[in-house]
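Enquirer: fold the following and give me the result.
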Amino acid sequence: YIFYLLTLNIPAWVFVAGLTLWISSVTKSRTLAIVLSVIWWMACIFWLPYWQHGTFDYLASGVPNLFSGVIGHLNFPLYVLHRCAYLLVGAGLLVYSVNRMRRLPNEIRMRKAYLSGGILLVVCGVACGGLLEYTYYRNREARAGYYASFERNWKEATCRVKRHSIELEQSGKILTMQSDMTIYNPGKESLAPVVLFLNPGLQVTKLETGKENLAYRRDEQAILIDRGLGAGDSLRLHVEYSGRIDDRFCDLHLADEVYEDPFYQDRFFATGRQGAFVDEKLLVLSPACAWYPVAIPPVNPLMPASTGRDFTRFRLLVKHPLQKEIVSQGQMSVTEDSVIFLCHNTLSGISLCGANYNRHFVPVDDKFGLQLNTMNFGEQLANNFSGISQADFISSWEKSPGLKPLDGYNYEAASWYEPKASYL
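Expert: As a prediction, this is how the structure comes out:
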């Protein structure tokens, strides 16, 4: 609450006070100052949060400012720029207005100090707002570059990935990974060059087949390997890569206005949009961010409805996990310093989630069980079920109409996870 008082309320109060005092001192009309302030306030409620990223909304109701219990503030740098803009402009207008008050100054030079100080504060505040909008401009430019790279390098005739073994190690926000993959050409024509796609924030440090280093060229998210692949042929690749996930690569099929919409289908809470989380307390990676090399990108921005799928048999090894619980697809095995997931079935993509969850097991019957990985309500939920016998639970399970669609499926377990914030 203190954080929001200092960063949300006080900048708004200072700005309103400075704006009304400045308008009153310039126009000599308190009524006009009040009317204009009320008009801006009404606009901040009904219109400005949904326009121009909420930059002109001094209430910041259109700026993502929610706290996550796992990783803290989700939009801190841009949020601070937004609040500093209104705090500095408001303070500058207050200081400048002192110069226009009808009073006898102690020293003439103090009038100049108030004048220059007020102008300087206003300029700094406007610069913060300009830097905020420039950040959105840079993001649009980057996404346009990724879109153009897809246009240059995407072809319908492409390779497929048959097997993919991934090793991952996390150090703060940096991911260090290596992939051993088998690619093949299912078409009737040879492929040259071989094209793979990887998140542009991850830099390839080695690419080889066997002990032979392969020449390649990087074009944003595209990896163009200078090697031909004949019809029906296969090739084993070893790729090493590391860096930070570039969230701007996600959802390239969305228009800029939709991608930048902080409300994300909710007209009240500005949750923002984030495609991946990489933090010491939380790790969330989905195929949408292309955190490993793929032959078919997660979405086709040229024709989203025709996005292809590549079914691969995955193996994932997470070294020295920073989080207490690591979850992914496949059968899990734990060693002294690693967690391994082995997928016996082919998948169109693999995800990874790591957090300091509390794990609770609720037995349902011999074929189905619930595994709850939560941070808040898990203990209370587990206590609610602890006094129920398995027979009573099975009886209530069978009588529940909402769970009837599960009948006939041989599930070993179902898991619910509490991500603490929207991310897709």
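
Enquirer: where along the stretch 1-150 of the chain do the strands fall?
Expert: For the stretch 1-150 of the chain, the strands defined by DSSP state E, counting those that start in this stretch occupy 67-68, 72-73.

Enquirer: given the first one, what are its sheet partners and their directions?
Expert: When pairing is defined by DSSP bridges, strand 67-68 lines up against strand 72-73 (antiparallel).

Enquirer: ok, back up a step: need the strands of the stretch 1-150 of the chain in CSV (columns: distance to Ile296, mean pLDDT and mean neighbour count).
Expert: The way it works is simple: take the backbone N, C-alpha and C, and place the C-beta from them, glycine included. Converted to CSV, these look like this (distance: least, Cβ to Cβ, whole Å; pLDDT from 0 to 100; neighbours: other Cβ atoms under 10 Å):
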stretch, distance to Ile296, mean pLDDT, mean neighbour count
strand 67-68, 32, 72, 15
strand 72-73, 35, 70, 13
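
Enquirer: now tabulate those strands in CSV and tack on distance to Tyr292.
Expert: Shown next, in CSV, are those (distance: least, Cβ to Cβ, whole Å):
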stretch, distance to Tyr292
strand 67-68, 25
strand 72-73, 27
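
Enquirer: looking at these, which is closest to Ile2?
Expert: Ile2 lies closest to strand 67-68 among the strands of the stretch 1-150 of the chain, at 12.3 Å (Cβ to Cβ).

Enquirer: check the offset of the closest one from the chain's centre.
Expert: 13 Å (Cα atoms, centre = their mean, to the nearest Å).

Enquirer: contacting residues for Tyr259?
Expert: For Tyr259, the contacting residues are 143, 251, 273, by Cβ atoms under 8 Å, 6 or more residues apart in numbering.

Enquirer: SS state for the last one?
Expert: Pointing back at Arg273 there. With DSSP: H, G, I helix; E, B strand; the rest coil as the basis, Arg273 sits in coil.

Enquirer: surely it meets Asp251?
Expert: Yes: using Cβ atoms under 8 Å, Arg273 is in contact with Asp251, at 7.5 Å.

Enquirer: circling back to that earlier point, and which of the contacts of Tyr259 is nearest Tyr134?
Expert: So of these, ranked by how close each gets to Tyr134 (Cβ to Cβ), first place is Arg143, at 15.0 Å.

Enquirer: what about the closest one, how many residues nearby?
Expert: 21 (other Cβ atoms under 10 Å).

Enquirer: any idea how far Leu342 is from Ser242?
Expert: Per Cβ to Cβ, to the nearest Å, Ser242 is found 24 Å from Leu342.

Enquirer: so for stretch 209-225, what gets flagged as buried?
Expert: 214, 216, 219-225 (16 or more other Cβ atoms under 10 Å).

Enquirer: how distant is stretch 186-198 from the center of its chain?
Expert: 30 Å.

Enquirer: so where do the strands sit in the stretch 301-424 of the chain?
Expert: Under DSSP E, counting those that start in this stretch, the stretch 301-424 of the chain gives strands at 313-319, 325-328, 331-334, 338-342, 352-355, 358-363, 369-374, 414-417.

Enquirer: nearest to Phe269, of the strands of the stretch 1-150 of the chain?
Expert: strand 67-68 (12.3 Å).

Enquirer: bridge partners for Leu235, pull those for me.
Expert: Ile183.

Enquirer: that one reaches Ser190, doesn't it?
Expert: No: in this structure Leu235 lies outside contact range of Ser190 using Cβ under 8 Å: 11.9 Å.

Enquirer: what sits in contact with each of those two?
Expert: Residues touching both Leu235 and Ser190 (Cβ under 8 Å, 6+ apart): Leu229.

Enquirer: compare neighbour counts for those two and give me the winner.
Expert: Neighbours were counted for Leu235 and for Ser190 using other Cβ under 10 Å; Leu235 has more, 20 against 13.

Enquirer: the closest residue to Arg30 other than its chain neighbours: neighbouring residues, count only.
Expert: Leaving aside its chain neighbours, Arg30 sits nearest to Ser24 (5.1 Å; criterion: Cβ to Cβ, 6 or more residues apart in numbering). A count of nearby residues for Ser24, using other Cβ under 10 Å, gives 19.

Enquirer: equivalent analysis for Thr335, please.
Expert: 9.

Enquirer: Ala142 now?
Expert: 15.

Enquirer: try Met101
Expert: 11.

Enquirer: hang on, the earlier thing: what's the closest of the strands of the stretch 1-150 of the chain to Met332?
Expert: Relative to Met332, the nearest member of the strands of the stretch 1-150 of the chain by Cβ to Cβ is strand 67-68, separated by 25.6 Å.

Enquirer: biggest helix in this structure, by residue count?
Expert: As assigned by DSSP state H, the longest helix anywhere in the chain is helix 108-153.

Enquirer: quick one: mean pLDDT for that helix?
Expert: The average pLDDT within helix 108-153 is 88.

Enquirer: stretch 181-201 now?
Expert: 90.

Enquirer: please export the C-alpha coordinates of that stretch as CSV.
Expert: Extracted in CSV, the C-alpha atoms of stretch 181-201 (Å, rounded to 0.1, in the frame of the first residue of the first chain):
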residue,chain,number,x,y,z
MET,A,181,18.2,-32.8,-32.6
THR,A,182,17.5,-35.0,-35.6
ILE,A,183,15.9,-33.2,-38.5
TYR,A,184,14.7,-34.8,-41.7
ASN,A,185,13.2,-33.7,-45.0
PRO,A,186,9.8,-35.2,-45.6
GLY,A,187,9.4,-33.6,-49.0
LYS,A,188,10.3,-34.8,-52.5
GLU,A,189,12.8,-31.9,-53.1
SER,A,190,16.1,-31.1,-51.5
LEU,A,191,16.3,-28.2,-49.1
ALA,A,192,19.0,-25.6,-49.2
PRO,A,193,19.6,-23.9,-46.9
VAL,A,194,18.1,-25.6,-43.9
VAL,A,195,16.1,-23.1,-41.9
LEU,A,196,15.4,-23.3,-38.2
PHE,A,197,13.7,-20.7,-35.9
LEU,A,198,14.8,-19.6,-32.5
ASN,A,199,13.9,-16.7,-30.2
PRO,A,200,16.0,-13.7,-31.4
GLY,A,201,17.1,-13.0,-27.8
